[in-house]
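> Predicted structure and sequence below. I'll ask about it afterward.
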Amino acid sequence: MEEQDLSNYRKVYEKRELLTEDTPENPLELFRSWFLEVDQHFLEDETNAMTVSTIGLDGFPKSRVVLLKRYTYEGFIFYTNYESEKGKAILANPNVCLSFFWPKAERQIIIKGKAEKIPANMSDGYFESRPRGSQLGAIVSQQSEVVDSRDVLDLNLKALEESFVGKEIPRPEYWGGFIVRPVELEFWQGRPNRLHDRIRYKLQDNYDWKKERLSP
């Protein structure tokens, strides 16, 4: 492979600023305001796309992009196959990291937290709201397992579609949601000369949030 020098890739960040005095005491309020602003004014393709990083059973960290489906003052919810590589990693070690990067807004949020399964009825409700194709896909895919070919997946999906004609599709027990309860959130706003704004919130023992400015 031919070597490529990327040292001259440059971007000037100058769209916004993040001042400590303008930030709320609860970081979930800042997350909500940033998310809504990005979603409404910066037109990212998928504002709810986030990177989920876990520590795998092999001891290595691994990151992948998934879609945030709900956020509350308790945490951030996404759905997956509990028996996938990601699901197994979370169940073995619930310490995870979420990150959002919105390049058009020159913003990033990094969230450390602990993940746990959401109640089954919540997973049922979301599964029922999904298109039938997505419901069938959750059943037919043995996520993260080796498959011989794409044809195998397509044939299995076709057989499954035929078996559920005129029937409701139940949520498989191995598929559902995780909620990540945050213990730390860092908000990053790009600024000129690489002197970016970074505000970090850390959850304290009394459940208050400690707010600090970090050097860029």
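Cool, the structure landed.

> Check the secondary structure at the closest residue to residue 43 other than its chain neighbours for me.
Nearest residue to residue 43 in three dimensions, chain neighbours excluded: residue 104, at 6.9 Å (CB to CB, 6 or more residues apart in numbering). Bear in mind the C-beta positions are built from the backbone N, C-alpha and C, glycine included. For residue 104, the assignment made with DSSP: H, G, I helix; E, B strand; the rest coil gives coil.

> Strands along this protein, start to end?
Assigned by DSSP state E, the strands in the chain fall at 49-55, 61-67, 70-71, 76-81, 95-102, 107-117, 175-189, 197-203, 209-214.

> what's the residue most central in space within the chain in contact with, if anything?
Residue closest to the average C-alpha location in the chain (CA atoms, centre = their mean): residue 50, at 3.5 Å. Residue 50 makes contacts with 65, 66, 67, 68, 76, 78, 98, 99, 100, as judged by CB atoms under 8 Å, 6 or more residues apart in numbering.

> buried sites along the longest helix anywhere in the chain?
For the chain, the helix with the greatest residue count under DSSP state H is helix 150-163. Residues of helix 150-163 classed as buried by neighbour count (16 or more other CB atoms under 10 Å): 156, 157.

> That helix packs against which elements?
helix 132-140 (3 or more CB pairs under 8 Å, 6 or more residues apart in numbering; DSSP states H and E).

> How far off centre is the helix it packs on?
Relative to its chain's centre, helix 132-140 lies at 21 Å (CA atoms, centre = their mean, to the nearest Å).

> Which other helices and strands does that helix contact?
Counting by 3+ CB pairs under 8 Å, 6+ apart, helix 132-140 packs on helix 150-163.

> what's the helix it packs on in contact with?
Taking CB under 8 Å, 6+ apart as the rule, helix 150-163 contacts 136, 137, 139, 140, 141, 147.

> 6 Å - rerun?
By CB atoms under 6 Å, 6 or more residues apart in numbering, the residues outside helix 150-163 that reach it are 136, 140.

> between that helix and helix 132-140, how many degrees?
With axes from the mean of the first three to the mean of the last three CA atoms, to 10 degrees defining the directions, helix 150-163 sits at 110 degrees from helix 132-140.

> I'd say the residue nearest to residue 43 and residue 41 touch.
No. Taking contacts as CB atoms under 6 Å, residue 104 lies outside contact range of residue 41: 9.1 Å.

> neighbour count winner among those two?
residue 104 (13 against 10; other CB atoms under 10 Å).

> Relative to residue 59, how far out is that one?
Going from residue 104 to residue 59 by CB to CB, to the nearest Å gives 36 Å.

> Any idea how many residues pack against the nearest residue to residue 93 once chain neighbours are set aside?
Of all residues beyond its chain neighbours, the one nearest residue 93 is residue 55 (4.9 Å), with distances taken as CB to CB, 6+ apart. Using other CB under 10 Å, residue 55 is surrounded by 17 other residues.

> The closest residue in space to residue 184 that isn't next to it in sequence and residue 132, how far apart?
Among residues not flanking residue 184 along the chain, residue 112 sits closest, at 4.2 Å (CB to CB, 6+ apart). Taking CB to CB as the measure, residue 112 falls 36 Å from residue 132.
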